[in-house]
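A.B. asks: Provide a 3D model corresponding to the input given below.
(chains A and B)
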Number of protein chains: 2
Amino acid sequence: MPQPFSFHLLKTDGAARRGEFVTPHGKVQTPAFMPVGTQGTVKGLSPDDVHATGAEIVLGNTYHLMLRPGAERIAELGGLHKFMNWPLPILTDSGGFQIMSLSDLRKVDDRAVTFRSHLDGAMVELTPERAIEIQALLGADIAMQLDECLRLPATRAEIARAMQLSLRWAERSKRAFETNARNGYALFGIAQGGDDLALRAESASALTTMDFHGYAIGGLAVGEPQEVMLKIVAETTPILPAERPRYLMGVGTPHDLIEAVARGIDMFDCVLPTRNGRHGMAFSRYGAINLANARHANDPRPLDAESSHPAARTYSRAYLHHLTKANEMLGAVLLSTINLAYYQSLMAGMREAIAARRFAEFRDHTTAQWGRGDLPAL
Amino acid sequence: MPQPFSFHLLKTDGAARRGEFVTPHGKVQTPAFMPVGTQGTVKGLSPDDVHATGAEIVLGNTYHLMLRPGAERIAELGGLHKFMNWPLPILTDSGGFQIMSLSDLRKVDDRAVTFRSHLDGAMVELTPERAIEIQALLGADIAMQLDECLRLPATRAEIARAMQLSLRWAERSKRAFETNARNGYALFGIAQGGDDLALRAESASALTTMDFHGYAIGGLAVGEPQEVMLKIVAETTPILPAERPRYLMGVGTPHDLIEAVARGIDMFDCVLPTRNGRHGMAFSRYGAINLANARHANDPRPLDAESSHPAARTYSRAYLHHLTKANEMLGAVLLSTINLAYYQSLMAGMREAIAARRFAEFRDHTTAQWGRGDLPAL
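C.D. replies: Below you'll find the predicted structure:
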C-alpha cells in the first residue's frame, strides 16, 4: 500500500527551499527540474539516457497523449510509465496550455473547452472531469487541474474571467480526483491571474482554501518580461502554504530557474533544454553556446571539461559543430542530453547550496560565470 | 609497433568462411557487417550504442567527410576515430559510389573524376591519389581504391571502359598507398564489371595480380535483380585469393547477406538497417516488420522477446508504433538500434554456424523463419 503523497521541507535559505516529495514511483528531491516528454518520449532520448542526466521525474502532456495514442489505449497497455519504460515519477499537465498554444480554434465555456485537434482537425471536448480521468488513465503520480491559459498581454477583464473559470474548474477537478482517488497520487491546483498581482493573490488564496497536494503558478512565460514573471512569483509564493510543493509551469532558462528558486519555487518543467539542443544550442556553466557558430569548427575542446555528464566531457566542440551543421540526429541527441544534464546539475547545485545555506553565494557565482560567457576561442 | 594487417581464415563450410582480421584498432570477426557512419556518425546512435549492437567496425564515407568537415580538419583534430569517438576499426570507402549516386554533374577522365558538391555546388576534383591521401588523413584502418561505379543497366562497352579505368586507378591507388604506407593499415582493391561475368573475372584476376590486402566486389546492388548479384558473387569469389578478406560493398538485406556468405563473402556494409529504421521498418527473425501498420497499435509484446539486444526485448510494439506514427526521433533511434543488433546477431549466427559446419542448416532455418513472417496478431 503506497504512502500518501507527501512533501517534506528539509531546509530553507531565505525564500529558497530544499525539499523532497514522495510518490508511488519514488522520491523526488527539490528544487527539481522535469524534462518534458511531450508524446511519451523526451525527444530522442531513451529513458536510461534521461535518467543518466540526473532526472528523477518527467512530465507528460495530456493534450498530446489524449489525441495520440489515446488515454484509454495507454491504460490498456499498462499506463504511461510502462508504455514509455520510465519507472520513476511522472507529472502530467491537464491540456490547458497546449490547447491555447497548438489549437487555432477553441471555444471555452463553463462546462468545457472544445478545440480542433492539430492532428486531424477533429473537434475534441475537454472538461475538468475528463482531464482528471485522462490523467488517471495515464497513471500520473501528479495530475494537474484543468485551467484556462491566456496569452499575455490580455485585458484585466479577460484575465479575471479566465482566472475565475480556472477556480471553478479547480473545484470540479478536485471533486473528480477524489471520486477515484488512489493513495499516494496527487493533484495540484494552478494559480492564474495573468500579470495582475491582485488577481494572482485572489487565485492563490482561493486554491489554498481548497487544499491541494501542491500548487502551480500557471500562465507565465507566455510573452511577459522576465521581471514581471519574477515579481508575480515573488508575490504569489508567500500566499501558498509552506508545507506544499510549488511548481512554476513551463519555465524556463537557467537564469529563470535560479531566480524562481530564490523566490520560493520547488518544481519546473520546460522544453528549452531539449528544443534548443535540437537547434544546436547548448546550455552550460559558460552560458548559452551556439554550436553552429564557425568559431567551434576546429575546437578540439569538449563543451565543458568539468561537466558531471560524459557527453559534455567527451565529444569535441568541433564534432558537435559538425553534427549541427550536417543536421545529424546525433547532434540533437547529444545536445539534448548535455542540456538536460546541465539543468540537472544546476538543480543539484541549488539543492546543495540551500542545504548549506549558501544559496545567495551560489546564485551570485553561477550568474557571474554565465555573465563572463564562453571560453575564449583557441 | 602495430602488426601488419592480416586475415586469418579460421574455418570454411562449403564456400562460406569464418575468419578474423587484425587492424591497428583491433580485431574483427568475419563474416562481419559494418554499420554506415556516413558523416562521422551512425545516424542517431552514440558510439557506445553502436558497439552495444555488436559492431566491431564501422564504415565512413570519404565523399561526405571530404566535403564536410574536410579531411585536413579531421586530421588536425586527431583523425576520424577520435573525431567521432569510435576507438575500434574504421573502413572508409573512396568516394566513387557517392559521386555516382549524389552528384548530378560529374566528368570522368583518366586523370580524375570532377563532380559538383551536393552541399554548395562547388566543383571538386578527386584523383586516385587524393582519395588515398584523404583516407590516410581520416586514419582509416582499411582504405578503398578509387573506382568508377555505374548504374545498371549499362552497355557492355560502357561497363568495360569503367572497369578498365578502375583497374588503372587501382594501380595508382596502390602506388599512392605504398608511398606513405603505415604498418597495419590496409588497402582493398575493388572488382568492377557490372553484370558481365567475363568482365568481372578479368577485373578480379587483374586485381589479384596487384596483391591487395583485401578485395571488394563493387558496383552491385545498383538496380540489378538479386539473382544476378548472387551469380556475379558466386563467379567472382573463386577468382579471389582465399587468404584475403572479400567485401561485398553496399549490400544488403538479411537475405542478401546470408546468400552472399554462402558464396564466400566476408564483409558487408549497408544503410538499410539504419535508413529503414528511420522509416518505421524493423528487421527481425520474423522478417521485415512495418511498425507503422495499425496491427501493432495495441500490441504489448516486444518486437522480439528472444533478441540479444534489450531494445528489441523492452519496448512494446505499441510504443514503437506510436513513436513511428508521431514521427518521434526516439522511434528512429530505437529501430536503428534494433535493426543493427539484428544484423549483428545474424552475422554472429552465421559465424557460429560456419565454425560448427552447420551453415546450410542455419541458412535454411533462418530463411524459413523469415518466410513464416511475423507473429500472428493478438
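A.B. asks: what's the nearest residue to the closest residue to chain B within the stretch 201-350 of chain A if we skip its chain neighbours?
C.D. replies: At 3.9 Å from chain B, A:Met329 is the closest residue in the stretch 201-350 of chain A, using Cβ to the nearest Cβ. (Each C-beta comes from the backbone N, C-alpha and C, glycine too.) Spatial nearest neighbour of A:Met329, chain neighbours left out: B:Gly44 (3.9 Å); criterion: Cβ to Cβ, 6 or more residues apart in numbering or on different chains.
A.B. asks: and A:Leu197, by the same measure?
C.D. replies: In this structure, A:Leu197 finds its nearest non-sequential neighbour in A:Glu235, 5.2 Å apart by Cβ to Cβ, 6+ apart.
A.B. asks: my guess is the one you found meets A:Arg200, correct?
C.D. replies: Yes - when contacts are counted by Cβ atoms under 8 Å, A:Glu235 is listed as touching A:Arg200 (6.6 Å).
A.B. asks: what about these two, which has more around it?
C.D. replies: A:Arg200 (25 against 15; other Cβ atoms under 10 Å in any protein chain shown).
A.B. asks: sorry, back to before: can you count the residues close to the residue of the stretch 201-350 of chain A closest to chain B?
C.D. replies: Neighbour count for A:Met329, taken as other Cβ under 10 Å: 22.
A.B. asks: and for A:Arg111?
C.D. replies: Residue neighbour count, defined by other Cβ under 10 Å, stands at 10 for A:Arg111.
A.B. asks: check what pLDDT it gets.
C.D. replies: What the model reports for A:Arg111 is a pLDDT of 96.
A.B. asks: residues contacting it?
C.D. replies: A:Thr127 (Cβ atoms under 8 Å, 6 or more residues apart in numbering or on different chains).
A.B. asks: how about the contacts made by the residue nearest to A:Leu197?
C.D. replies: By Cβ under 8 Å, 6+ apart, the neighbours of A:Glu235 are A:Leu197, A:Arg200, A:Ala201.
A.B. asks: now swap in A:Ala341 and tell me
C.D. replies: Applying Cβ under 8 Å, 6+ apart to A:Ala341 gives the contacts A:Ala52, A:Thr53, A:Gly54, A:Ser307, A:Ser308, A:His309, A:Ala311, A:Ala312.
A.B. asks: 7 Å instead?
C.D. replies: Applying Cβ atoms under 7 Å, 6 or more residues apart in numbering or on different chains, we find A:Ala341 in contact with A:Thr53, A:Gly54, A:Ser307, A:Ser308, A:His309, A:Ala311, A:Ala312.
A.B. asks: and the helix or strand hosting it, how far out from the chain middle?
C.D. replies: Assigned by DSSP states H and E, A:Ala341 belongs to helix A:329-355. Relative to its parent chain, helix A:329-355 has a centroid offset of 14 Å by Cα atoms, centre = their mean, to the nearest Å.
A.B. asks: which other residues reach the next helix or strand after that helix?
C.D. replies: Note on helix A:329-355: by DSSP H and E, the next helix or strand toward the C-terminus is helix A:359-372. Residues outside helix A:359-372 that contact it (Cβ under 7 Å, 6+ apart): A:Asp13, A:Gly14, A:Ala16, A:His255, A:Ile258, A:Ala262, A:Arg285, A:Tyr286, A:Gly287, A:Gly349, A:Met350, A:Ala353.
A.B. asks: mind listing what's buried along stretch A:300-312?
C.D. replies: Using 16 or more other Cβ atoms under 10 Å in any protein chain shown as the test for burial, stretch A:300-312 gives A:Pro302, A:Leu303, A:Asp304, A:Ser307, A:His309, A:Ala311, A:Ala312.
A.B. asks: let's have those residues in CSV, adding secondary structure, pLDDT and distance to chain B.
C.D. replies: Below are the buried residues of stretch A:300-312 laid out as CSV (DSSP: H, G, I helix; E, B strand; the rest coil; pLDDT from 0 to 100; distance: Cβ to the nearest Cβ, whole Å):
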residue, secondary structure, pLDDT, distance to chain B
A:Pro302, strand, 98, 11
A:Leu303, coil, 97, 13
A:Asp304, coil, 97, 16
A:Ser307, coil, 96, 15
A:His309, coil, 97, 12
A:Ala311, helix, 98, 8
A:Ala312, helix, 98, 13
